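Asks: Here you go, sequence then predicted model.
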Amino acid sequence: MQPIKKEMWKCPICRHAFNTEREADICLYNHVKERCINHDLKQGFTLLYIKSVYGFHWKLTKKQEHITIDSCFKISYLECCDRPAYRISNISHDGAISVYGKGSWGGGYRSVVGLDSLEDPRPKEELFVDKR
């Protein structure tokens, strides 16, 4: 019995191996797309702009259309914090939104949230940071 030779393709960013070149290209594309999304977020672009440019099928309310990286949110189920302690920290290539904040004594907390958690954007001046 002879060993079987198998050709693999690796994503140059995460080094994950794939059976086809197409799969490796898609992985690379998703890394670059996510990087571009987060550059736009950090530059202050709105969720409406990001939705439009990157083809997300988010159903945004009028308030949510104007959310930027400076917007903060009260997300009570995170760390039992009833103050606007969280801001968007990352948007993945597939539109998953992560928030980060320091809403309690436990220190910083990051979580993926749905758009329903971002219903009431607050201005950056209202950002709460637990100092404990």
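Replies: Cool, got the structure.

Asks: The spatially most central residue of the chain pairs with what?
Replies: What sits nearest the mean C-alpha location of the chain, by Cα atoms, centre = their mean, is Ile91, with 2.0 Å. Counting by DSSP bridges, Ile91 is bridged to Ile97.

Asks: Would you check that it makes contact with Asn38?
Replies: Yes - if you go by Cβ atoms under 8 Å, Ile91 and Asn38 touch, sitting 6.3 Å apart. All C-beta spots, glycine's among them, are computed from the backbone N, C-alpha and C.

Asks: List the contacts of the residue nearest to the centre of the chain.
Replies: Ile91 makes contact with Glu34, Ile37, Asn38, Leu41, Ile50, Ile97, Ser98 under the criterion Cβ atoms under 8 Å, 6 or more residues apart in numbering.

Asks: Now do the closest residue to the second one other than its chain neighbours against Ala24, distance only.
Replies: Taking Cβ to Cβ, 6 or more residues apart in numbering, and ignoring the residues beside it in sequence, Ile37 has Ile91 as its nearest neighbour in space, at 5.0 Å. From Ile91 over to Ala24 the distance is 23 Å, taken as Cβ to Cβ, to the nearest Å.

Asks: How about Trp105?
Replies: Trp105 sits 44 Å away from Ala24, taking Cβ to Cβ as the criterion.

Asks: now Tyr54
Replies: For Tyr54, the distance to Ala24 - Cβ to Cβ - is 21 Å.

Asks: repeat for Lys6
Replies: 14 Å.

Asks: These two - which one has more neighbours?
Replies: Ranked by neighbour count (other Cβ atoms under 10 Å), Lys6 and Ala24 place Ala24 first, with 18 against 6.

Asks: Wasn't that one part of a strand?
Replies: No - using DSSP: H, G, I helix; E, B strand; the rest coil, the assignment for Ala24 is helix, not a strand.

Asks: what about Val53, helix or strand, and which?
Replies: Val53 belongs to helix 47-54 when assigned by DSSP states H and E.
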